[in-house]
Each structure stands twice: as structure tokens, then as C-alpha cells.
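# need a structure here:
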Amino acid sequence: MRNTVLIWAVAAVLCLPAGAEERIKAFCVDFNWGTQGFARPGMYAKAKAAEHVAWYKAMGVNTIQTFCVSCPGYAWYRSDVAPVQPGMEGDFLKEMAQLGHTSGMKVMGYFCIGANAHWNEQHPDLTHNLSGSISIPFTAAYLDYLGKVIPEALTKTGIDGFMIDWMYNASHFYPDKKYGWLDCEKQMYAELFGAPFPGEAAMDKARIDEFGRRAVDRCWERIRSAAKAAKPDAVIWLSCFDLQHPQIAGSRMLREVDWLMNEHPDAAKLDAARKDIGPHTRLIQCICGWGEQHDAGKFVRDARYADVGLYGFARPDETTTLPLEDASGNAKNIAVMRDFFRGK
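Now for the predicted structure:
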């Protein structure tokens, strides 16, 4: 198996056209999650940048994905906009960028657009009460927050760009959950459609989908303009577990985003999205993070995806703040990725 992996690794390099960029090989030690839902504030605050960069370097990645603001809503740098991760040692993200660049790696941050526990706590009238889930309607107030925190993170830390995740408007997002229409969503409707909210009875699936699609388009425009104004060459990286969702498929975001990743284990979802991407968009497939549902070994041996970047993530151990080396599906996929990235 290892010889086969090496053959594909060499083939992927030899197939690169002149001037082509190196294949993306990325990983994330995922501070979003604890053992039950989102990590509590400060749970991984003892993480040391030098130890993490050393781990990524040993992994063989050329791209580190870590955090600007993780799902609990706290910043991993010395922010004046978002609350800072309580107990954080030093200036984690800035140090990660400095050390990662010294080692020849790109360093990417992260924003969870559809969920932010601190925002929910501070603005209960602007969110749905769905702990650990997509819960934030893309109101003007929330876009103003993103318009401040994104350029701040880019300019204060020196990162190369950032991932955006859960880029779905929360309004009636989950089919199995009961929703009411918030006043802020009715105001959003007036802003997005140029007409008053038509009443809950008129909001059938087609209108809900169009509402969500317009909300995503508006949010994307704010994210993109804020990032590119602060750092024109910033890489915006979309992670998406359902590229065919009505809010996403065929959107301008897919045409304009710099990197596009299919988080779902089924790479056919990535194939189906190829028709919607722009000419400069780089594609990535997630091959670690959903335990046994991902099969890193199978994907890295598949020559059809030799042009596609590779990514994985895993929740860390609370004590070491690094991924566990155990018998879990994620650990097995990490081992495959490490061998492949290092050409073994």
C-alpha cells in the first residue's frame, strides 16, 4: 500500500503543468469542539504555537488551518472586536503565522459564519436558540460584526487567509426543527426583496430557499469586500458539507471564492460542483474528520483527484491540545495523510 501511495504522490507532482501551484496539503487541530458540543471558552487555551507548528511540520502539511474566531465565539489573537480566548498564552494566531511562515507553510485562520455561541448569548433577539448548530440569520448587525473582525484578524496576525464554515443562513435551515420568524428576519426580508415580509403563511419552501440564497449572497459580498480591502491577496476558503444546498448551488460565492472544499466524505459532491466554480478556484476534498466515514487511503490513491487538494481535521486532547494517536477513524486517517504528505 505504501508503495502505491508513493507512486501516486510522484505522479501527482509530475502531472503539474509549468508554473502550477503545489497541491494543497492541509490539516486543522480543531478547537471548535469539546466532548459535548462546542468547546467551552478556554478549553484549549494552553495551546502553544511552537508545539502546534512542530506537529504540523511533522505531519508534512504545506497549509496550517487554525483559528481567528472558533465556534464558541472567542478570538485566538489579541482582538479588539471579539472576546479573546480566556487564558490564551501569548498571541496564538499571530505566533502561528510567524512560525508557520518560517517553516515554509501557509497559515490560514477560520470563522464559523453560521454559528457563534458568544454572539447568540449577546444577541438572543438576532439568533435562533439552537446550541451547537447553525443558528445565526445574516442580519445587517451581524454583517457589521464580520466587516470589522475579518480585516482586524488579517491585519493583526499576518495570516495568509481564512476558512469560512457553515456558510448557511439559519432561517428555517433544518427541516426537522420548529421555527418562528424573528423580527430581525422580517427586516432582512424587506432589505433583500425590497418589499414587506409577506407573512409566515406565504413563506413556502421556494420562498425560504430564495430568502436564504439572497442572505448568503449578501453575506458573501461583505466577507469578500472586507477581506480583499484589508489584504488583496488574502485567500478565502469555503468549507461546505452540502455544495448542492439551494442556498449554495450556482451561487456567485462558488464562482468567486479562492479555495472551495467539500467537507462531505462523498467526493461526488465535489464533482457536481465543478460546473459552478470560477476559473481561478482551487478545489479541496476533506478526507479526515468524520471518523470512519472518511477514507483517506482510498482518496489519495484515486488518480481522478490528483489535481484536488487534501484536508483533514480532528478534535484535540484537552491536556496536550493535539490530536489523539488512538485507534479512532480520525487517527487512522491522520496516519495515512502523514505518510502521503511525507512521501512514505
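# Could you look up the SS state of the closest residue to residue 80 other than its chain neighbours?
Among residues not flanking residue 80 along the chain, residue 152 sits closest, at 6.8 Å (C-beta to C-beta, 6 or more residues apart in numbering). The C-beta positions use only the backbone N, C-alpha and C, and glycine is treated the same way. With DSSP: H, G, I helix; E, B strand; the rest coil as the basis, residue 152 sits in helix.
# Counting neighbours, what do you get for residue 152?
20 (other C-beta atoms under 10 Å).
# didn't it look like it was pressed against residue 78?
No - counting by C-beta atoms under 8 Å, residue 152 does not reach residue 78; the two are 9.8 Å apart.
# ok, back up a step: which residues touch the residue nearest to residue 80?
Contact analysis of residue 152 by C-beta atoms under 8 Å, 6 or more residues apart in numbering lists 79, 80, 81.
# do the same with residue 26
Residues near residue 26 by C-beta under 8 Å, 6+ apart: 61, 62, 63, 64, 65, 108, 284, 309, 310, 311, 312.
# and it, that one's in a strand?
Yes - checked against three-state DSSP, residue 26 lies within a strand.
# In this structure, what residue spans correspond to helices?
2-14, 49-59, 92-102, 117-122, 140-157, 183-193, 205-230, 252-256, 268-273, 296-300, 329-341 (DSSP state H).
# could those go into JSON lines alongside mean pLDDT and distance to residue 280?
Shown next, in JSON lines, are the helices of the chain (pLDDT from 0 to 100; distance: least, C-beta to C-beta, whole Å):
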{"stretch": "helix 2-14", "mean pLDDT": "43", "distance to residue 280": "20"}
{"stretch": "helix 49-59", "mean pLDDT": "98", "distance to residue 280": "26"}
{"stretch": "helix 92-102", "mean pLDDT": "98", "distance to residue 280": "23"}
{"stretch": "helix 117-122", "mean pLDDT": "98", "distance to residue 280": "32"}
{"stretch": "helix 140-157", "mean pLDDT": "98", "distance to residue 280": "19"}
{"stretch": "helix 183-193", "mean pLDDT": "98", "distance to residue 280": "28"}
{"stretch": "helix 205-230", "mean pLDDT": "98", "distance to residue 280": "13"}
{"stretch": "helix 252-256", "mean pLDDT": "98", "distance to residue 280": "9"}
{"stretch": "helix 268-273", "mean pLDDT": "97", "distance to residue 280": "15"}
{"stretch": "helix 296-300", "mean pLDDT": "97", "distance to residue 280": "24"}
{"stretch": "helix 329-341", "mean pLDDT": "97", "distance to residue 280": "25"}
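# any chance of these in CSV, with distance to residue 21 too?
As requested, the helices of the chain are arranged in CSV below (distance: least, C-beta to C-beta, whole Å):
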stretch, distance to residue 21
helix 2-14, 12
helix 49-59, 19
helix 92-102, 17
helix 117-122, 35
helix 140-157, 21
helix 183-193, 37
helix 205-230, 19
helix 252-256, 18
helix 268-273, 18
helix 296-300, 18
helix 329-341, 16
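# do you know which of the ones you listed lies nearest residue 40?
helix 117-122 (9.4 Å; C-beta to C-beta).
# Next, the buried residues of the closest one.
Under the neighbour-count criterion of 16 or more other C-beta atoms under 10 Å, helix 117-122 has 117, 118, 119, 120 buried.
# Stretch 140-156 too?
142, 143, 145, 146, 147, 149, 150, 151, 152, 153, 154, 156.
# Kindly reformat those as JSON lines and extend each row with distance to residue 299.
Formatted as JSON lines, the buried residues of stretch 140-156 follow (distance: C-beta to C-beta, whole Å):
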{"residue": "142", "distance to residue 299": "35"}
{"residue": "143", "distance to residue 299": "36"}
{"residue": "145", "distance to residue 299": "36"}
{"residue": "146", "distance to residue 299": "32"}
{"residue": "147", "distance to residue 299": "37"}
{"residue": "149", "distance to residue 299": "34"}
{"residue": "150", "distance to residue 299": "31"}
{"residue": "151", "distance to residue 299": "35"}
{"residue": "152", "distance to residue 299": "36"}
{"residue": "153", "distance to residue 299": "31"}
{"residue": "154", "distance to residue 299": "31"}
{"residue": "156", "distance to residue 299": "36"}
